[in-house]
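[1] model the following, please.
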Amino acid sequence: MQEYINIIIKAIFTENMIFAFFLGMCSYLAVSKTVKTSLGLGIAVIFVQMVTVPINYLLLEKVLKPGALTWLGSSFSEVDLTFLSFMIYIATIAAMVQLVEMIVEKFSPSLYNSLGIFLPLIAVNCAILAGSLFMEQREYQNIGEVLSFSFGSGFGWALAIVTLAAIRERIRYSNIPAPLRGLGITFIITGLLGIAFMSFMGIKL
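    Okay, here's the model as predicted:
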């Protein structure tokens, strides 16, 4: 259990998708104008991460890895399908994003309209694909570790966008110099938040 907690904390704070790797910046910058919209997108990202990363892990272990197809027979013991991993990962992500899009449109039309094009664009959000690629690179040993990482990475991304949205709502009433209004001050805030999150690197896990 402690190992799972460590993975979650690392994924949220010390290896945050936004502040450590700057992944998923397009949606992060464009949608973070209001907390409500950012929270909706953040929850969608958490859901997609928690579904796609474990599915891709199972596909990697049972289908793609060298020798993974031995359950079909000894003649498949040398088959290596890892060259298909990118295609499989993206197909899984696209299918889950389509499901999320239909659910949001059905149960929250206002949120669906607020998110606009950025909801289907979760399918090409590099933070989502990075979750599956990091899972493969770090060689997690079981589905529990994969679920912990997928939740932590999704929650970390959601925390980042909601935090930025809350700050942007507050500074809307501030006297910001004209050249810095809009994306200018947003980039500065993101840099400062990234530096703030670096302080979590001192956590001993």
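[2] who's in contact with the closest residue to Leu164 other than its chain neighbours?
    Excluding the flanking residues, the one nearest Leu164 by CB to CB, 6 or more residues apart in numbering is Ser32, at 4.4 Å. Bear in mind the C-beta positions are built from the backbone N, C-alpha and C, glycine included. Ser32 makes contact with Ser38, Ile161, Leu164, Ala165, Arg168, Thr186 under the criterion CB atoms under 8 Å, 6 or more residues apart in numbering.
[3] helices along the protein, start to end?
    With DSSP state H, the ranges of helices along the chain come out as 2-9, 25-31, 35-59, 85-107, 109-115, 126-138, 143-171, 183-198.
[4] the first one packs against which elements?
    In this structure, helix 2-9 makes packing contacts with helix 143-171, judged by 3 or more CB pairs under 8 Å, 6 or more residues apart in numbering; DSSP states H and E.
[5] buried stuff in the helix it packs on?
    145-165, 167-168 (16 or more other CB atoms under 10 Å).
[6] and it, what other elements does it pack with?
    Short answer (3+ CB pairs under 8 Å, 6+ apart): helix 143-171 packs on helix 2-9, helix 25-31, helix 35-59, helix 126-138, helix 183-198.
[7] redo the ones you listed as JSON lines? Include mean pLDDT.
    Converted to JSON lines, the helices and strands packed on helix 143-171 look like this (pLDDT from 0 to 100):
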{"stretch": "helix 2-9", "mean pLDDT": "91"}
{"stretch": "helix 25-31", "mean pLDDT": "88"}
{"stretch": "helix 35-59", "mean pLDDT": "92"}
{"stretch": "helix 126-138", "mean pLDDT": "93"}
{"stretch": "helix 183-198", "mean pLDDT": "91"}
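[8] from the contacts of Ser32, which is closest to Leu193?
    Nearest to Leu193 among the contacts of Ser32 is Leu164, at 6.9 Å by CB to CB.
[9] my guess is the closest one contacts Ile189. True?
    Yes. Leu164 is in contact with Ile189 according to CB atoms under 8 Å; the separation is 6.4 Å.
[10] need the phi and psi values for Arg181.
    Here is the backbone geometry of Arg181 (degrees, to the nearest 10): phi -70, psi 150.
[11] roughly how far does it sit from Lys33?
    The gap separating Arg181 from Lys33 is 13 Å, by CB to CB, to the nearest Å.
[12] show me which of the two is the more surrounded one.
    Lys33 (16 against 13; other CB atoms under 10 Å).
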